[in-house]
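Asker: okay, here's the prediction I keep looking at, along with the sequence it came from:
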There are 2 protein chains.
Amino acid sequence: MAVNLSAPEQLLAVPGVRIGTACAGIKQTLRDDVAVFELAEGSETGGVFTQSHFSAAPVLLARQRQHRVRAWVVNSGNANAATGEYGVVDAEEVCAHAGRQLQLPADEIQPFSTGVIGERLPVGKLKTALDTASAQLSEDGWLAAAQAIMTTDTCAKGISRQIDIDGHEVTVTGIAKGSGMIKPNMATMLAYLACDAGVAGGLAQKLVSTAVEKSFNRVTVDGDTSTNDSFVLACTGKSSLPRIVSENEPAYQALSEAINEVATYLAQALVRDGEGATKFVTVHVKGGRSSSDCLNVAYTVAESPLVKTAMFAGDANWGRFCMAIGRSPVEDLLPERVQLWLDDVQVAKDGLMAQSYSESLGAAVLAQDEFVVTIDLGLGEAQETVWTTDLSYEYVRINAEYRT
Amino acid sequence: MAVNLSAPEQLLAVPGVRIGTACAGIKQTLRDDVAVFELAEGSETGGVFTQSHFSAAPVLLARQRQHRVRAWVVNSGNANAATGEYGVVDAEEVCAHAGRQLQLPADEIQPFSTGVIGERLPVGKLKTALDTASAQLSEDGWLAAAQAIMTTDTCAKGISRQIDIDGHEVTVTGIAKGSGMIKPNMATMLAYLACDAGVAGGLAQKLVSTAVEKSFNRVTVDGDTSTNDSFVLACTGKSSLPRIVSENEPAYQALSEAINEVATYLAQALVRDGEGATKFVTVHVKGGRSSSDCLNVAYTVAESPLVKTAMFAGDANWGRFCMAIGRSPVEDLLPERVQLWLDDVQVAKDGLMAQSYSESLGAAVLAQDEFVVTIDLGLGEAQETVWTTDLSYEYVRINAEYRT
């Protein structure tokens, strides 16, 4: 069960984006597993993709096609990863077919896949489903798309924000999928964001790069990352707001903030739906010499199996935190300067268990389904935050039984 | 349950080492939790210690005292870690007390502790137990010591080797403890090795440094490392073999090999007794451009929670291996050159699932309690091997319930 997360009741249409979904029956036949996004002519887009050496075929194609994008085609159930040249040919064929349906050149279509790795894409089934999906394009398709892209997700993830910029209404809507393999440099994670603001060439890429850095690149469930991660943004220019031409405009800042908010909500939603998660944990590291030092400590703590099982058990064990902080890849960490809090309860002071601390105080914090671990390194001014989960029996069960 | 591991039936005495054990009742009162090793005058010793920023007080002292060592004092149940200055004072007091009993200067005694972190050492209890242990020193105490140093270990770990060097019999005996937090740069791991060969100053350190590199630094259970890891070696010089003065002597090579064998057995024993382990897995990476590239891939695979849960489930999932190899921190890995075998079954050829492969072939390999994962990167001549376990429900249970 996801931690304090439920599917969105509604998602706002973004003028300039039409969506269709259908069931190709790739891995199941109970719900749609294909989504098509058609982006209005003149849309500016940007994207960031997995850094895996085994980037999946759709990722290879999507990366090539970033110059001009008029549609996104997504399937769940099969990742088309570790499929070599065949995989690229299959993804190209899917795009070509979608292009005929949408009357667009194939190389203006970005493909995305998520699901089982190492098996060939069922291209025939996909084409049939694309016929159906393309015939039903509608601006109201966001919620259906959020459902169609799910794999082990226990609930659909999406959110909309409407902001006023200089008297013009701008809508930002985003959806995402992912629940395992969530980790910096992304995860088995797909995210699609769109807004109806118009931006000059290059600015959509800047918006998405900024957003990912403080959202999807700050979450971790198990330290594993996937072959297919992709996060894309389209700015359709259909709102009445004048086109944004520079990142120095106040309008750019306002838009960027709204996009960051949507991305952060979605990234946290992935963690809340982390495989087997029973807790949503914020790890805040401050007092570091640099952001990278803070991140190294935060990730070492957030990904330590011993810390994660202690959090699952509600065991406020200073020893485990101390072990994880101690093995962080940071130069010249000074134990005697380290402070640790669980919410407002100080656990460690100057590297030792705080005299005011008692296990019952710590246990009360960990009994909650959300809490903040704050670590002060006492060395500088930098700080960083990452979000993670505990490690439960359920994580093992889900991942041991994934394909059975 | 440990994977194909049982406690040693006997361990050979090493002339020049006398051992006593006792129960201090630190965390339990059912078995001994203190061991004292007295090393004959003229013994040469060496040691390697945890690299944690939070090195425990006994580690700080043991590191300082490497010049001349006449005794090792060990307790289980309390790690004396994250205890600051108090911890150092406590460890010094324990050594001073042992020194009075053994008629040795306190600074020739190395202390070691393992167990709960962040709580002060019960010095009074320890002193009483040291009185008992010191009064019962015997060359036959190795097996009792192997039991006294255990924490979450399910069985005592030890082994002896007797070799003939130039017509002289040399005995090597080693014991170790550890089962969780097993990982390169060591683990909650204590290991004590001794031999009756005599070596010149500096050579004992060289022997232990060589041995650790191919044994304890090649095992991983959960990627976590401890504050207290220590691996020490004593060469007593009580055998009839002439003192070894150079590492170029054949006698040095013979001795080094025997020590490496003992260390490798002990390191593998820690993995076999890994928390919740149901499989003993050898990960062999070859064809790398460098050893460090091979190790990076081997550890990424060996520590991937998704690979580990798949191995627990007996699910021969190429996708999970491919995901883990793909995210390894290695430059310019070429997917199309990657080969993967499970024992003799080729799973992936040139980055794709092998045509000869079927899931039933892979599942048959993973159904065994021991198997080898071989990865060929196809880029060079380097190779490395690490040993690890699967990730089971039991791992979560043990670590969630550790202190309750």
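Answerer: Structure's in. What do you need? Numbering: from 1, shown residues only, chains lettered A, B, ... in the order given.
Asker: which residues touch the closest residue to chain B within the stretch 301-404 of chain A?
Answerer: Going by CB to the nearest CB, chain B is nearest to A:G319 of the stretch 301-404 of chain A, at 2.7 Å. Using the backbone N, CA and C atoms, a C-beta is placed for each residue, glycine as well. Listed by CB atoms under 8 Å, 6 or more residues apart in numbering or on different chains, the contact set of A:G319 reads B:A79, B:A81, B:A82, B:V116, B:I117, B:G118.
Asker: out of these, who's nearest chain A?
Answerer: Ranked by distance to chain A (CB to the nearest CB), these are led by B:I117 at 2.7 Å.
Asker: next, give phi and psi for the residue nearest to that closest one when sequence neighbours are not counted.
Answerer: Spatial nearest neighbour of B:I117, excluding adjacent residues (CB to CB, 6 or more residues apart in numbering or on different chains): A:G319 at 2.7 Å. When read as degrees, to the nearest 10, the backbone of A:G319 gives phi -60, psi -40.
Asker: from A:D166, how far out is A:G319?
Answerer: Look at A:G319 and A:D166: by CB to CB, to the nearest Å, they are 55 Å apart.
Asker: ok, now A:E108?
Answerer: 31 Å.
Asker: what's the answer for A:L61, then?
Answerer: For A:L61, the distance to A:D166 equals 38 Å [CB to CB].
Asker: for A:Q355, same thing?
Answerer: Per CB to CB, A:Q355 is found 55 Å from A:D166.
Asker: which of the two has more residues huddled nearby?
Answerer: Neighbours of A:Q355 and A:D166, each counted by other CB atoms under 10 Å in any protein chain shown, are more numerous for A:D166; the result is 12 against 8.
Asker: count the neighbours of the residue lying closest to that one once chain neighbours are set aside for me.
Answerer: Excluding the flanking residues, the one nearest A:D166 by CB to CB, 6+ apart is A:A251, at 6.3 Å. Here the number of neighbours of A:A251 (other CB under 10 Å) works out to 19.
Asker: quick one, what contacts the residue lying closest to A:E41 once chain neighbours are set aside?
Answerer: Spatial nearest neighbour of A:E41, excluding adjacent residues (CB to CB, 6+ apart): A:R70 at 7.1 Å. Residues near A:R70 by CB under 8 Å, 6+ apart: A:E38, A:L39, A:E41, A:S43, A:L102, A:L104, A:E108, A:I109.
Asker: what about A:R70, distance to A:L241?
Answerer: 22 Å.
Asker: likewise A:L295?
Answerer: A:L295 sits 35 Å away from A:L241, going by CB to CB.
Asker: A:E359 now?
Answerer: Distance, A:E359 to A:L241, by CB to CB: 55 Å.
Asker: these two: which has the busier surroundings?
Answerer: Taking other CB under 10 Å, A:E359 and A:L241 do not tie; A:L241 has more neighbours (22 against 14).
Asker: how many other residues sit next to the residue of the stretch 51-200 of chain A found nearest chain B?
Answerer: Residue nearest to chain B within the stretch 51-200 of chain A: A:I117 (2.6 Å; CB to the nearest CB). When neighbours are counted by other CB under 10 Å, A:I117 registers 27.
Asker: how about it, what does it touch?
Answerer: By CB under 8 Å, 6+ apart, A:I117 lies in contact with A:A56, A:A79, A:A81, A:A82, A:T227, B:N317, B:W318, B:G319, B:R320, B:C322, B:M323.
Asker: hmm, 10 Å instead?
Answerer: Neighbour list for A:I117: A:54, A:56, A:78-83, A:188, A:226-228, B:317-323, B:326, B:353 [criterion: CB atoms under 10 Å, 6 or more residues apart in numbering or on different chains].
Asker: A:Y265 now?
Answerer: Contacts of A:Y265 (CB under 10 Å, 6+ apart): A:P8, A:K157, A:G158, A:I159, A:R161, A:G174, A:A176, A:S215.
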